[in-house]
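> Need coordinates for the below:
(chains A and B)
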Amino acid sequence: MTVNGKPVTRDVEARRLLVDYLRQDVGLTGTHVGCDTSQCGACVVHVNGMAIKACTMLAVEAEGAEVLTIEGLAEPDGTLHPLQEAFNAHHGLQCGFCTAGMIMSAASLLEANPAPTESEVRHHLEGNICRCTGYHNIVKAVMAASGQDVAALAAE
Amino acid sequence: MPKDTVVGQSTKRREDRRFTTGKGRYTDDIVLRNQTYAAFARSEVAHGVIKGIDTSAAEAMPGVLAIFTGDDFVEVGGNPAGWLIHSRDGTPMTEPKRPVLAHGKVRHVGDAYAAVIAETPEQARDAAEALVADIEELPAIVNMAQAVADADTRVHDEVPSNVCFDWGWVEDNRAAVDEAIRGAPHVTTLELVNNRLSPNPMEPRCSIGDYDTGTGDYTLYTTSQNPHLTRLLISAFVMGIPEHKLRVVAPDVGGGFGSKIYHYGEEALVLAASKKLGRPVKWTSSRSEAFLTDAHGRDHVTKIELATEKDGRFIAVRTETMANLGAYLSNFATATPTFLHGTLMAGNYTVPNVYVNVKGVFTNTAPVDAYRGAGRPEATFSLERVIDKCARELGIDPIEIRRKNYIKPDQFPYTTPVALEYDTGNYDAVMDRLEEMADLSGFEARRAESEKAGKLRGLGIASYIEACGIAPSNLVGVLGGRVGLYDAATVRVNPTGNVQVMVGAHSHGQGHETTFPQIVADRLGIDPANIEIVHGDTARIPFGMGTYGSRSLAVCGSAVVKATEKVIAKAKLIAAHMMEAPDGQVDFEDGVFALQGTNKNVPWGEVALKAYIPHDFPLERIEPGLEETAFYDPANFTYPAGAYACEVEVDPQTGKVDVVSFAAADDFGNVINPQIVEGQVHGGLAQGIGQALLEHAVYDENGQFLSASYMDYCMPRADDLPMYRVDHSAATACTHNPLGVKGCGEAGAIGSPPAVVNAVIDALHRAGKTGVTHLDMPLSPARVWSALHES
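Numbers count the residues shown, from 1 in each chain, chains lettered A, B, ... in the order given. Next up, the predicted model:
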């Protein structure tokens, strides 16, 4: 498979999960494991352009696929993705543990829906649990990253 | 950099760059050379005698390096309770030993009785599953009332009736409170449950033990809110490793909410295993293990009585509580339901008589300890619920009854009957702010709109006060605390003028790396970008007590101020020497040292450099270098307070409750970084709303934990919550710390549960269900629907 644009080859056990492959075999620890029931979304990455929970896919299933993780989201020159900028500007993270999954999940939303409403953002992120922020600033950050004015939202 | 341009600004967090790009370094991200992996065998029954553990099959499995059982730790100490509680009769609490691995008996589902170390995590898990334990099941003790009633069925043989302590606060008040309630014109009584919760930081616990066979030094990498406290517990109580031979590193920590304060047996196990194998040993908790073993929160059963005059003026409060301690005493388990709970039972009010009785009860469930708010949410919920019920009974508006009893600004400092001295506050001003921001005058119109849509709208109000900035060590000592609760900071100025600040507090999401430099930059007049925070490593920081109880800024931030002031004092001596002037005639402002009455001055950078190139120093008066350490022990707790308004819509068809509006007016004193403070409130509100509507750690009568996964334990998700309105402008500065700050980390989780429940009860009453005076949390659709539809 390719991970963040680079070809990667490893021999793995059949039971190796994609998330463990990324973290332990490839050494990309930005993708996290927060549960064991595919609920929390800390492990969301993109496989062939689709957001998936990497704890719910075997590494062998991703053979030949193009995988994008949080480490590959910024431009090669270091320019951050608008979501990465917006999470900082709007304090969309505290401990940072859910952040990679949250951003990768939101990125797939913005690709499909460039100007989501508050309700659409909340619905889309339903599979990503954050225990720190109460989601308020995450919702703001995602809407701001899509170019929408969130000042009114903030005043609510 | 001019003064007052950094404090009070929403400086963007510097931590975010690494977290948004996947470059954070959490404990599980660390891979040490030759690392091995631990997996634990955990009890599937709540209570049982360990008759034997057959390790032979596991030993023969691929990759297995070592197996440990409780027998291997019989000689080592036990994990202690940090607070000695005395019962009403003066006897000290009973303290059963908490072993590293269960020995003799298992006492809750998930209690670890063995550990396997193997070359890979999978091999370790496979082998742990191959262990065969012969455990003779005993009756499980789950319900607290039954635990207390049955003297012979015991979690610990040495604890009759499973009562660890029977505590009264303040015992001398008891007779007067009883008398006041007997003679009161009106008494409102409420029995309630404060539902049991699982903290659920998104990062599960993880520990790596690394023993250096060459030096005999141990290093523990672990998910901790307080690395020095963990080191002290392991060294002095659990394993006897000399403190100077044990380094505890807590790198980036993915949330804690209390659950990562405590030392857990897994930390001791990986250290012991690493010594035995001469290789690093890592254990990473699964979410399932986190549910079963992370210390839970709340779980109180309380009867509260509020005695009042007919006009609603408070006369007395009396509570009786049973607090679940779980199967073993976690480190702060005995302080949480007592001194962090009973001392807050006067709330924001002038109530002359208060008495609190708490029984701490052992059960065959996971240990229960401090979780965001820790005792103060329980106190606030009881009080704010009974006040709401009382207001209905007397026909008084819920805001009016609170205002009628608020402590007024001219009454501070105010000593309550439960022995706290509130230093300052203005609760009416906070309520004014709330009424305005929540547009309470527009509620009736909104209610009518909801009604048109077929929804029942309700409004709930709650006030809260909390004691934060834990804590004055002398007071803690008098009350039975076994630790000091100061904090520490070292400010190190480098020769080129930039600054490292080593702090005892440890951020697990609070943004210390951003906020603490704002404090230092404000005083030194240098760019915050030239100030770096070092935390989370006992080898690099002074002995500090860590981050919990909304204490980091109030206590450790004050230590940072003290250390910075010491640096400035010394730098002034150096500057005076450089300007060939006597001491005491140098002013320092905005990064420049100026000689009074002249136009002579030297900038910060030159003084810093001079400190390390002391060619002409008068060494008898001035030492080389520019580095100072300060310990700060607070003079009092701090007392953040607030008033919250929640509006809910109840769907009468389903019983589902939606929080449609939530407004929080808080008094946190001075604020260093408003955006971070508001973020803390948002997160606290989500956890409080989660407690009120969604979350419940449920054990069945056999002690099986029924809601131990994210498919069963309902975590608040993005579409369960509203946008919040938060405000902290009605502030009164704390009078006794140099920053005037009070702490903001727990407020949201303390004030919101009663606001939500009061709102739902209000909606039911407006729908004619006036017989429903209380519903226990979580207010699930089933509970609310039943209340609406049962007569």
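> how far away is the spatially closest residue to B:Gly347 that is not a sequence neighbour from chain A?
Excluding the flanking residues, the one nearest B:Gly347 by Cβ to Cβ, 6 or more residues apart in numbering or on different chains is B:Leu383, at 4.7 Å. Where C-beta positions appear, they are placed from N, C-alpha and C, glycine not excepted. Distance from B:Leu383 to chain A, counting by Cβ to the nearest Cβ, to the nearest Å: 24 Å.
> And for B:Ile315?
38 Å.
> Check what pLDDT that residue gets.
pLDDT for B:Ile315: 98.
> element containing it?
Per DSSP states H and E, B:Ile315 falls inside strand B:314-326.
> That strand pairs with which strands, and in what direction?
Its sheet considered, strand B:314-326 pairs with strand B:300-308 (antiparallel), strand B:353-362 (parallel) by DSSP bridges.
> which ones are touching the residue nearest to B:Gly347?
B:304, B:306, B:317, B:345, B:347 (Cβ atoms under 8 Å, 6 or more residues apart in numbering or on different chains).
> Can I get these in CSV including neighbour count?
Shown next, in CSV, are those (neighbours: other Cβ atoms under 10 Å in any protein chain shown):
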residue, neighbour count
B:Ile304, 24
B:Leu306, 27
B:Val317, 29
B:Met345, 25
B:Gly347, 28
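> in chain B, which helix or strand is least confident?
Ranked by mean pLDDT, DSSP states H and E, the weakest helix or strand in chain B is helix B:473-478, scoring a mean of 92.
> What residue in chain A comes nearest to chain B?
A:Gly30 (1.9 Å; Cβ to the nearest Cβ).
> And the residue lying closest to that residue once chain neighbours are set aside, how far from B:Thr350?
In space, A:Gly30 comes closest to B:Gly22 once its chain neighbours are excluded; the distance is 1.9 Å by Cβ to Cβ, 6+ apart. Going from B:Gly22 to B:Thr350 by Cβ to Cβ, to the nearest Å gives 53 Å.
> The two: which is more packed in?
B:Gly22 (25 against 17; other Cβ atoms under 10 Å in any protein chain shown).
> Quick check: that one touching A:Thr31?
Yes. If you go by Cβ atoms under 8 Å, B:Gly22 and A:Thr31 touch, sitting 7.0 Å apart.
> what sits in contact with each of the two?
Going by Cβ under 8 Å, 6+ apart, residues that sit against B:Gly22 and also against A:Thr31 are A:69-70, A:100.
> Can you lay out these as JSON lines showing neighbour count and pLDDT?
Formatted as JSON lines, those follow (neighbours: other Cβ atoms under 10 Å in any protein chain shown; pLDDT from 0 to 100):
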{"residue": "A:Thr69", "neighbour count": "24", "pLDDT": "98"}
{"residue": "A:Ile70", "neighbour count": "30", "pLDDT": "98"}
{"residue": "A:Ala100", "neighbour count": "29", "pLDDT": "98"}
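> which stretches of chain A have low pLDDT?
A:154-156 (pLDDT under 70).
> With adjacent residues omitted, what lies nearest to B:Val561?
Closest to B:Val561 by Cβ to Cβ, 6+ apart is B:Pro738, at 4.5 Å.
> how about stretch B:665-673: buried residues?
B:665-673 (16 or more other Cβ atoms under 10 Å in any protein chain shown).
> ok, which of those also contact chain A?
Contacts with chain A are made by none of the buried residues of stretch B:665-673, judged by Cβ under 8 Å from any Cβ of the partner chain.
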